[in-house]
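*Asks:* Need a 3D model of the sequence below.
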Amino acid sequence: MSGRLAARPGSTAWLIRHEMRLAWRSVGGKRAGVLLVVLAILSVALHVGAWTLLRQAPAGDWPPIVAYLLGGATWLFITLMLAQAIAASVLALFDRGDLDLLLSSPLPTRKVFLARGLGIAANLPVLYLFLLAPFADVGLFVGHANLLAIYPALLAISLAVTALALALTLLLVRWLGARRARSVAQVLGSLVGAAMFLVFQIPNVAGPEFTRRLIGRLMEWAQPGGPLALASPLWWPARALQGDLLPMLAIAALGAGAFWAVVGLAHRRFLDGTQESVTGSARRSLASPRTGSTRFRTGLWRTMLVKEWRLIARDPQVITQTLMQVLYMMPAMFLVVRGAGRALALVVPMVVYVASTLASNIVWLTVAAEDAPELLGTAPVPRGRLRALKVLAALLPVWLLVSPLVAWLAWRQPLDALIFVACLAGGTLSVGAAQAWYPRQGKRGDLKKRMQGHGILGVLELAVVLSWGGLAYCLGAAPAWTPLALLAAALGSGAIWFLGRARREDEA
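*Replies:* A predicted model of the protein is given here:
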């Protein structure tokens, strides 16, 4: 019986089943049983909450304010889905490493990309279905059967978003080539994910007067006939989720048509554009060096720093994390520049924490994720000096990143600038020493899970970062707690220094 129900090998259904199996493994595989129990409990709670809300909601059209809130939430979901889809496209087309095997098989390339795209589209709406499905299920029994449209509408939106993400990835491959497209696509996904956060921070950054004018303008646009009126196609995704027939048919046609067009028209161009990445047969785009044109620079400092900086600049994970942290810090920076004293007391420790965390990641890449440790080990240079240069190469970009805030504080409030520099140096140097003296070797792709199985160092590093951030806060806003915060920071950094004495003796 199971043999009859199994998909035929080589068919689209067989490939989709493989994609779903990989997705299931990514959430835990056999260990996901506990997660399923937790999700079942949460689902029951969501159904109870949906029953409470919908039982009191009137049948028919909802008030305009509710419709606008649903529309805004829908576009927020779409934005987050797009960021997730871009990341999934990069993973499926570049990082999984199995595309070369599939493309060299007798399977049609169209079928391969169709299954891969459907796998992305099937995984995108899982979280949103989990959150919205209780309203569809409960609505059937309390007079809101139209909410059953949530199921087909979310699937249609997922197809449309997947098509857009794949199209963006394909365009990047065509314009930049496969290698650069991978990095740019990851950065683009991060920017899309942070865009909505920055939009919601506009009132905090711009001030109350600008917020009042913005609300007035939005209310004008929301009048009948305006670009934000409820009849506008802008709100069709939300109306499709509510069961409006015309918007739902339009979204379904758009999603299915766009997905089919992207898969059908672009898979050949994608195959040509990614041949370099898939097969590894990269063609040289630079001319061969002429005699005497190649120069070897001398100096250990320059050689090590330039070498590490080049590797850091080529790592999309570092670029993505740096951009995300900078974007999330921007609203707080604007508050500081506007002169909000309370914001300054909160922003300085936050920047110390973020900069120290970023420094820890980059130091791990330079020290523990070294691609040729044996080669460096044979160099006629003490290992301790090489390791110190690697740490310096990781810390200098972080210090440069926060230097504008240091300069602004030095101009406006020199004492706060001194506090910031001291705590920043303490936090970044401490985590740098921790990673240098207790390196846990790994690959550059393991950056996100580098602390797994390294619990003692992880706890100590987190405590040190929080201690230096807390000291920055106490020095600026809570002087009474300064001795305690200073003691915690000194103990944490001192523990790292004391425990690293054996490593320093070996490298002397």
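*Asks:* Residue 224 in helix, strand or coil?
*Replies:* Secondary structure for residue 224, judged by DSSP: H, G, I helix; E, B strand; the rest coil, is coil.
*Asks:* Quick check, pLDDT for it.
*Replies:* pLDDT, residue 224: 80.
*Asks:* Same check on the one 4 residues further on?
*Replies:* Residue 228 is assigned 82 on the pLDDT scale.
*Asks:* same deal with residue 193?
*Replies:* 64.
*Asks:* What of residue 55?
*Replies:* 83.
*Asks:* again with residue 164
*Replies:* We have a pLDDT of 90 for residue 164.
*Asks:* Domain parsing of the protein, as residue ranges.
*Replies:* Using automatic domain parsing, the domain ranges for the chain come out as 7-25+34-279, 300-507.
*Asks:* possible to save those as CSV with mean neighbour count?
*Replies:* (Each C-beta comes from the backbone N, C-alpha and C, glycine too.) CSV is the format used below for the domains of the chain (neighbours: other Cβ atoms under 10 Å):
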stretch, mean neighbour count
domain 7-25+34-279, 17
domain 300-507, 17
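*Asks:* quick one: low-confidence parts of the stretch 151-300 of the chain?
*Replies:* 177-183, 186, 189-190, 193-194, 196-198, 200-207, 266-299 (pLDDT under 70).
*Asks:* quick one, helices of it?
*Replies:* Assigned by DSSP state H, counting those that start in this stretch, the helices in the stretch 151-300 of the chain fall at 178-200, 202-206, 208-221, 236-241, 245-273, 275-279, 300-313.
*Asks:* Please state the backbone phi and psi of residue 227?
*Replies:* Note on residue 227: backbone dihedrals following degrees, to the nearest 10 are phi -70, psi -20.
*Asks:* By mean pLDDT, show me the worst of the domains of the chain.
*Replies:* Looking at the domains of the chain, the bottom one is domain 300-507 with a mean of 75.
*Asks:* For the host helix or strand of residue 39, enumerate the helices and strands it packs against.
*Replies:* Using DSSP states H and E, residue 39 falls within helix 32-56. Helix 32-56 is packed against helix 126-139, with contacts defined by 3 or more Cβ pairs under 8 Å, 6 or more residues apart in numbering; DSSP states H and E.
*Asks:* now for the helix it packs on, which elements pack on it?
*Replies:* helix 32-56, helix 150-176.
*Asks:* can I get the CA coordinates of stretch 351-368 in PDB?
*Replies:* What follows is stretch 351-368, C-alpha atoms only, in PDB (Å, rounded to 0.1, in the frame of the first residue of the first chain):
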ATOM      1  CA  VAL A 351      26.000  50.200  21.600                       C
ATOM      2  CA  VAL A 352      28.600  48.700  23.900                       C
ATOM      3  CA  TYR A 353      26.600  45.400  24.000                       C
ATOM      4  CA  VAL A 354      26.100  45.300  20.200                       C
ATOM      5  CA  ALA A 355      29.700  46.300  19.400                       C
ATOM      6  CA  SER A 356      31.000  43.700  21.800                       C
ATOM      7  CA  THR A 357      28.800  41.000  20.400                       C
ATOM      8  CA  LEU A 358      29.800  41.900  16.800                       C
ATOM      9  CA  ALA A 359      33.500  41.900  17.800                       C
ATOM     10  CA  SER A 360      33.100  38.400  19.300                       C
ATOM     11  CA  ASN A 361      31.700  37.100  16.000                       C
ATOM     12  CA  ILE A 362      34.400  38.600  13.900                       C
ATOM     13  CA  VAL A 363      37.200  37.500  16.200                       C
ATOM     14  CA  TRP A 364      35.800  34.000  16.000                       C
ATOM     15  CA  LEU A 365      36.000  34.200  12.200                       C
ATOM     16  CA  THR A 366      39.600  35.400  12.200                       C
ATOM     17  CA  VAL A 367      40.900  33.000  14.900                       C
ATOM     18  CA  ALA A 368      38.800  29.900  15.100                       C
END
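*Asks:* which ones are touching the residue nearest to residue 81 when sequence neighbours are not counted?
*Replies:* Nearest residue to residue 81, sequence neighbours excluded (Cβ to Cβ, 6 or more residues apart in numbering): residue 161, at 4.7 Å. Going by Cβ atoms under 8 Å, 6 or more residues apart in numbering, residue 161 touches 78, 81, 82, 85, 121, 124.
*Asks:* next one: phi and psi at the last one?
*Replies:* Yep, that's residue 124 we're talking about. Taking degrees, to the nearest 10, you get phi -60, psi -50 for the backbone angles of residue 124.
*Asks:* I'd say it and residue 158 touch.
*Replies:* Yes. The criterion here is Cβ atoms under 8 Å, and residue 124 meets it with residue 158 at 4.4 Å.
*Asks:* Give me the common contacts of those two.
*Replies:* residue 81.
*Asks:* returning to what we had before: next, format the helices and strands packed on helix 126-139 as CSV and append distance to residue 230.
*Replies:* Below are the helices and strands packed on helix 126-139 laid out as CSV (distance: least, Cβ to Cβ, whole Å):
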stretch, distance to residue 230
helix 32-56, 21
helix 150-176, 17
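*Asks:* Of those helices, give the one that comes closest to residue 412.
*Replies:* Nearest to residue 412 among those is helix 150-176 (41.4 Å), distances taken as Cβ to Cβ.
*Asks:* The closest one vs helix 245-273, what angle?
*Replies:* 30 degrees (axes from the mean of the first three to the mean of the last three Cα atoms, to 10 degrees).
*Asks:* Residues touching stretch 240-251, excluding its own?
*Replies:* 62, 70, 74, 132, 145-150, 152-154, 156-157, 160, 233, 236-237, 239, 252.
*Asks:* hang on, I meant stretch 64-72
*Replies:* Applying Cβ under 8 Å, 6+ apart, the set of residues contacting stretch 64-72 is 61, 62, 222, 230, 234, 235, 237, 238, 241, 242.
*Asks:* which ones are touching the fifth one?
*Replies:* Translated: residue 234. Applying Cβ under 8 Å, 6+ apart to residue 234 gives the contacts 71, 227, 228.
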